[in-house]
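Undergrad: Got a predicted structure plus its sequence, pasted below:
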Amino acid sequence: MPELPEVENVALALRAHLTGRKLTGLKVGYPGILGQSVAATRRAIVGCTIDGVHRHGKYIIINFTDGRQPDSHLMIHLRMTGQIFILDDYIADKHVHLTFDFDGLTVHYRDIRKFGRLQLVDHAVHPSIIAHVGPDMLEVRFKVWHGRISHRRAPMKALLLDQGIAAGLGNIYVDESLFLAGVHPLAKPQDLSKEKLHDVWRLAKRVLRNSIKHGGTTFMDFKNFHGKPGNFRRKLRVYGRAGEGCSVCGCEIESLRVAGRSSCFCPECQVI
């Protein structure tokens, strides 16, 4: 599933390539991808120009304007296999459900599992439909994040995955952040010092920024705006490496399940 770095790379590309462009056509192959009717979608955005692209956690919100009526805001959630891309001479297959025509520039939305959604929302920044989602992990200040997590009794792995505490961290980046901070996935925040929690917060931001720099992580489906995979996979220290030797101490990396998710960790570097 695309996490914050992957979604940020898509948002950056949309902002760079589409800001100032008018949407002149929209072809819909599978209406179930939309959170409203095809007709309502076309009325809201076709003929309008993109004048802003915002990301919050794993959500992208695109602002469309025509200079007359109130702006329209389209929120995109890629879910598990959603992809947005441009490719010269690309022949759409059965998994391309939306094709946008920006005055001659063709942008495809492809989604094998069909779990993604493109929905009109009320605001361009943190719309009411995602009021349950916490502050963006890259933007949240330590004081706010600490206040949301320090008193909790659940395992750190589960709490970092909780999008209501802070949005954007997924399984890959939680494992990597906890490893760098030397925190076991089953450790509880109420048992950790403020300094150790600060390490988790700081290093989670570092991991996210490094992954954004390398185009995100691709294991199966994620491709960037130009159809290329992310390169952060080669930087991973523990995620997906159960049974291999730790790059720091050489101890065998182990795996357990926390909050229903596989969690990779080093038993020597991350002692509970």
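TA: Arrived safely.
Undergrad: For the longest helix along the chain, what does the pLDDT average out to?
TA: Longest helix in the chain by number of residues (criterion: DSSP state H): helix 194-213. Helix 194-213 carries an average pLDDT of 96.
Undergrad: Find the residue closest to residue 164 in space, skipping its chain neighbours.
TA: residue 134 (5.1 Å; C-beta to C-beta, 6 or more residues apart in numbering). From N, CA and C alone the C-beta is placed, and that goes for glycine too.
Undergrad: ditto for residue 10
TA: Leaving out its chain neighbours, residue 10 is closest to residue 84 (C-beta to C-beta, 6+ apart), at 5.6 Å.
Undergrad: Tally up the residues packed near the one you found, please.
TA: Residues lying near residue 84 (other C-beta atoms under 10 Å) number 24.
Undergrad: who does it bridge with?
TA: Under DSSP bridges, the beta-bridge partners of residue 84 are residue 109.
Undergrad: That one touches residue 116, doesn't it?
TA: No: shown here, residue 84 and residue 116 do not form a contact pair, counting by C-beta atoms under 8 Å, at 9.3 Å.
Undergrad: Mind listing the shared neighbours of those two?
TA: 76, 78, 109 (C-beta atoms under 8 Å, 6 or more residues apart in numbering).
Undergrad: List the buried residues for the helix or strand encompassing residue 39?
TA: In the assignment (DSSP states H and E), residue 39 maps to helix 38-45. Across helix 38-45, burial judged by 16 or more other C-beta atoms under 10 Å covers 41, 44-45.
Undergrad: Tell me where the stretch 101-250 of the chain has strands.
TA: Chain-ordered strands for the stretch 101-250 of the chain, with DSSP state E, counting those that start in this stretch as the definition, fall at 105-111, 117-121.
Undergrad: what sits against residue 190?
TA: Going by C-beta under 8 Å, 6+ apart, the list of residues near residue 190 reads 150-153.
Undergrad: Recalculate using a threshold of 10 Å.
TA: Residues near residue 190 by C-beta atoms under 10 Å, 6 or more residues apart in numbering: 149-154, 197.
Undergrad: try residue 74
TA: Here residue 74 is in contact with 23, 34-36, 41, 44-45, 48, 50, 60-64, 118-121, 124 (criterion: C-beta under 10 Å, 6+ apart).
Undergrad: Identify the neighbouring strands of the host helix or strand of it in the sheet and state each direction.
TA: Using DSSP H and E, the secondary-structure element containing residue 74 is strand 72-77. Pairing partners of strand 72-77, with direction, according to DSSP bridges: strand 59-65 (antiparallel), strand 117-121 (antiparallel).
Undergrad: which stretch among these comes nearest residue 91?
TA: Comparison of those against residue 91 by C-beta to C-beta identifies strand 117-121 as nearest, at 22.2 Å.
Undergrad: before we move on, the earlier item: and the helix holding residue 39, what does it pack onto?
TA: Taking 3 or more C-beta pairs under 10 Å, 6 or more residues apart in numbering; DSSP states H and E as the contact definition, the neighbouring helices and strands of helix 38-45 are strand 25-28, strand 59-65, strand 72-77, strand 96-102, strand 117-121.
Undergrad: Read off the pLDDT value for residue 1.
TA: Turning to residue 1, the model gives it a pLDDT of 65.
Undergrad: which stretches of the stretch 1-150 of the chain have low pLDDT?
TA: Counting by pLDDT under 70, the stretch 1-150 of the chain shows low-confidence ranges at 1.
Undergrad: cool, the stretch 151-272 of the chain as well?
TA: Screening the stretch 151-272 of the chain residue by residue with the criterion pLDDT under 70, one finds the ranges 218-225, 229-231.
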